[in-house]
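*Asks:* Model the following, please.
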Amino acid sequence: LQKNWNNQHLRIVDFFCGAGGLSLGFIQEGFTVALANDIEDVCIQTYKYNHPELPAQYVVQGDIRQIVDNIEEYIQGDIDVVIGGPPCQGFSEANRQRVIDDPRNKLYKYYLKAVEKITPKFVVMENVKGMLKVAHQVVEDYESLRINKNGKEYTYKVFYEVLNSQNFSVAQSRERLIYIAIRNDVMQDKNISPELIFEEIKNSCNNNIVYTLQSALDDIKPLEAPRVKNCNEIDSEITGKK
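*Replies:* Alright, predicted model coming up:
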């Protein structure tokens, strides 16, 4: 596997990778991970546990600011998609002109810097619904990028939607704000746009079954309360062990 790893064509970089859930979705669609990064040791250990197929040198613990400033040490070659959910904390003060520039959002700014340095074909950024307050400022940030590389100037077009996991047949109502950005040359070559991709995503959900928590719990047998005093330490199947 390691021998063939760098021969794959579809490559992602996952910042703020956490336990590896976002990576998993891309891996299931045929992508390979060129770099997964998080600052928390527990996240890195969990990511490695969840993705034992990924060579350890591609899962890096560290501050995104140091990783991005030295990105050439971690990845080589073209990257198809940069993914991740940078923490954004400073969007509660809606009266400010550029809330997204709040110092508390420096990790988001470094995610944007990562996009600028890596210049991927696509970007998928995930965040909480509350970030809608500054969504137009995020759009401004992406669309103000002007990247000169290999004699060409690259720009990005970005669009966002709030998607709910229950529409994808997950037994949970969980809303997330998703941004998709596409590099200008890819948009032109493939005749696509972020808006069209979101339309395809939403249309693909039309016939999905909507499950509830009850659906997820159906196979769990009911338990009974113990009828005898002082039996808390008895491992009973009827009462669900101790």
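*Asks:* Now for residue 23, how many residues are close by?
*Replies:* Close neighbours of residue 23, defined as other C-beta atoms under 10 Å, add up to 25. All C-beta spots, glycine's among them, are computed from the backbone N, C-alpha and C.
*Asks:* where does it land in three-state SS?
*Replies:* With DSSP: H, G, I helix; E, B strand; the rest coil as the basis, residue 23 sits in helix.
*Asks:* residue contacts, it?
*Replies:* By C-beta atoms under 8 Å, 6 or more residues apart in numbering, the residues touching residue 23 are 12, 14, 17, 33, 36, 47, 51, 83.
*Asks:* same deal with residue 193?
*Replies:* By C-beta under 8 Å, 6+ apart, the neighbours of residue 193 are 157, 159, 182, 187.
*Asks:* From the contact counts, what lies against the helix or strand hosting residue 14?
*Replies:* For residue 14, the element it lies in under DSSP states H and E is strand 11-15. If you count contacts as 3 or more C-beta pairs under 8 Å, 6 or more residues apart in numbering; DSSP states H and E, strand 11-15 packs onto helix 21-28, strand 32-38, strand 81-84, helix 106-118.
*Asks:* now those as a markdown table including distance to residue 127 and mean pLDDT?
*Replies:* Shown next, in a markdown table, are the helices and strands packed on strand 11-15 (distance: least, C-beta to C-beta, whole Å; pLDDT from 0 to 100):
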| stretch | distance to residue 127 | mean pLDDT |
| --- | --- | --- |
| helix 21-28 | 12 | 95 |
| strand 32-38 | 16 | 96 |
| strand 81-84 | 10 | 98 |
| helix 106-118 | 8 | 93 |
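*Asks:* Tell me where the chain has helices.
*Replies:* Secondary structure of the chain (DSSP state H): helices located at 2-5, 21-28, 41-50, 64-69, 106-118, 135-143, 184-190, 194-204, 213-217.
*Asks:* Of all pairs in the contacts of residue 193, which one is the farthest apart?
*Replies:* Spanning the widest gap among the contacts of residue 193 are 159 and 187, at 11.4 Å by C-beta to C-beta.
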